[in-house]
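> Sharing a model that was predicted from the sequence below.
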There are 2 protein chains.
Amino acid sequence: MSDPVIREIGAEEFERVWPLFQAVLAGGDTYMYPPDLGIDRACAMWTTPPSRCFVSERDGVVLGCYRLAPNQIGLGDHVANGSYMVAPQARGQGIASALCEHSLEQARQAGFTAMQFNCVVASNAIAVRLWLRHGFRIVGQVPGAFRHAQLGPTDIYVMHRAL
Amino acid sequence: MSDPVIREIGAEEFERVWPLFQAVLAGGDTYMYPPDLGIDRACAMWTTPPSRCFVSERDGVVLGCYRLAPNQIGLGDHVANGSYMVAPQARGQGIASALCEHSLEQARQAGFTAMQFNCVVASNAIAVRLWLRHGFRIVGQVPGAFRHAQLGPTDIYVMHRAL
């Protein structure tokens, strides 16, 4: 089995990540996005500049993806924001970790000086551990800001690291 | 002098708040928005549903304004977000306090169960004190996330209260 390759894609290839997107959102346990988000809106959010979309793939199969964008406009646009998804059948293979490292390097190259996540669902222990391992700190905790499909109102963490 | 009145406006009246907007953004000390933000983009951000724009005015003079919107889409849209501006010549008259109370009531009526501010500039002591007085707590602090025109990289607070 060859190694996964991470590369940037544009709107014209977004349909390739769409099944993965739908699988992740169907859970209602990790992403704010409405579970019935349509492909056109998702594609616009992930591929319209300054947002950039990257995929991890092996032998033409999409294993994961991430979005890199400024976390704010204007006087906060030196801080990047990242959103990551891994296909259910590709979990436990270090895909998210590789996507995270790739995004940190891309963010540095683009001139960002920090990376911030606004909505890490506190019950998503795998993600929280992963970000901590990659140098992020929890800098905020908002009570009940996420309506978890199984757990109901759930806290979200704000996480941050310098680049 | 009559009491200020707070009412909702649409895009067709947005030009009335624009001088106030420009005065606030010119400071580069309280808002993330780029200081050269244009009226069309500002109007779209403040008046396109689900965003709603309210003004405080006295005898036809705009004293302040605020934007009420969901803080996130989808599974986080039960939390409101508010953004407030007061005209430089109207400060010290309780305008921001009245706008805040009005926005909390509007948010309740619209079904939101909490209000969150993502970017309260830590050096903006007047605003921080005001929000604390209106029941908000500091639930996060992001280092250097705001490029303050005078102070350089400045922390921002995430603030929150239940409704």
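Yep, it's here. Just so it is clear, the model here is predicted, and its values are computed rather than measured.
> and the residue in chain A positioned nearest to chain B, what pLDDT?
Using CB to the nearest CB, the single residue of chain A nearest to chain B is A:Gly140, 1.9 Å away. Every residue, glycine included, has its C-beta placed from N, CA and C. Per-residue pLDDT puts A:Gly140 at 98.
> Could you pull up the residues touching the closest residue to A:Thr47 other than its chain neighbours?
Closest residue in space to A:Thr47, ignoring its immediate chain neighbours: A:Ala11 at 4.3 Å, by CB to CB, 6 or more residues apart in numbering or on different chains. Neighbouring residues of A:Ala11 by CB atoms under 8 Å, 6 or more residues apart in numbering or on different chains: A:Cys43, A:Ala44, A:Thr47, A:Thr48.
> ok, and what's touching the helix or strand of chain A with the lowest mean pLDDT?
Ranked by mean pLDDT, DSSP states H and E, the weakest helix or strand in chain A is helix A:18-26, scoring a mean of 93. With contacts defined as CB under 8 Å, 6+ apart, helix A:18-26 is touched by A:30-31, A:33-35, A:37, A:39, A:42, A:62, A:64-65, A:85-88.
> Could you tell me the angle between the helix or strand where A:Leu63 lies and helix A:18-26?
Assigned by DSSP states H and E, A:Leu63 belongs to strand A:61-70. Inter-element angle recorded for strand A:61-70 and helix A:18-26: 70 degrees (by axes from the mean of the first three to the mean of the last three CA atoms, to 10 degrees).
> helices and strands around strand A:61-70, which ones?
When contacts are defined as 3 or more CB pairs under 8 Å, 6 or more residues apart in numbering or on different chains; DSSP states H and E, strand A:61-70 sits against helix A:18-26, helix A:39-47, strand A:52-58, strand A:79-86, helix A:95-109.
> Buried residues, stretch A:155-163. List them.
By neighbour count on 16 or more other CB atoms under 10 Å in any protein chain shown, the buried set for stretch A:155-163 is A:Asp155, A:Ile156, A:Tyr157, A:Val158, A:Met159, A:His160, A:Arg161, A:Leu163.
> Just the residues you listed: which are in strands?
Mapping the buried residues of stretch A:155-163 onto strands (DSSP state E) picks out A:Asp155, A:Ile156, A:Tyr157, A:Val158, A:Met159, A:His160, A:Arg161.
> Those also near chain B: which ones?
A:Ile156, A:Val158, A:His160 (CB under 8 Å from any CB of the partner chain).
> Which one of these is nearest to A:Phe112?
Of all these, A:Phe112 sits closest to A:His160, with 12.0 Å by CB to CB.
> pretty sure that closest one contacts A:Thr113?
No: taking CB atoms under 8 Å as the definition, A:His160 is not a contact partner of A:Thr113, at 11.4 Å.
> tell me, what's touching the two both at once?
Joint contacts of A:His160 and A:Thr113 (CB under 8 Å, 6+ apart) do not exist.
> and the strand holding A:Leu63, how far from the chain's centre?
In this view, strand A:61-70 has its centroid 6 Å away from the chain centroid, taken as CA atoms, centre = their mean, to the nearest Å.
> In its sheet, which strands sit next to it, and in what direction?
Note on strand A:61-70: by DSSP bridges, its sheet partners are strand A:52-58 (antiparallel), strand A:79-86 (antiparallel).
> Can I get that strand in CSV, CA atoms only?
Provided in CSV are the C-alpha atoms of strand A:61-70 (Å, rounded to 0.1, in the frame of the first residue of the first chain):
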residue,chain,number,x,y,z
VAL,A,61,-9.1,7.2,-2.7
VAL,A,62,-9.8,10.3,-0.4
LEU,A,63,-8.9,9.5,3.2
GLY,A,64,-9.3,12.9,4.7
CYS,A,65,-9.3,16.6,4.1
TYR,A,66,-8.8,20.0,5.7
ARG,A,67,-9.7,23.6,5.2
LEU,A,68,-7.2,26.4,5.9
ALA,A,69,-8.4,30.0,6.2
PRO,A,70,-7.9,33.2,8.2
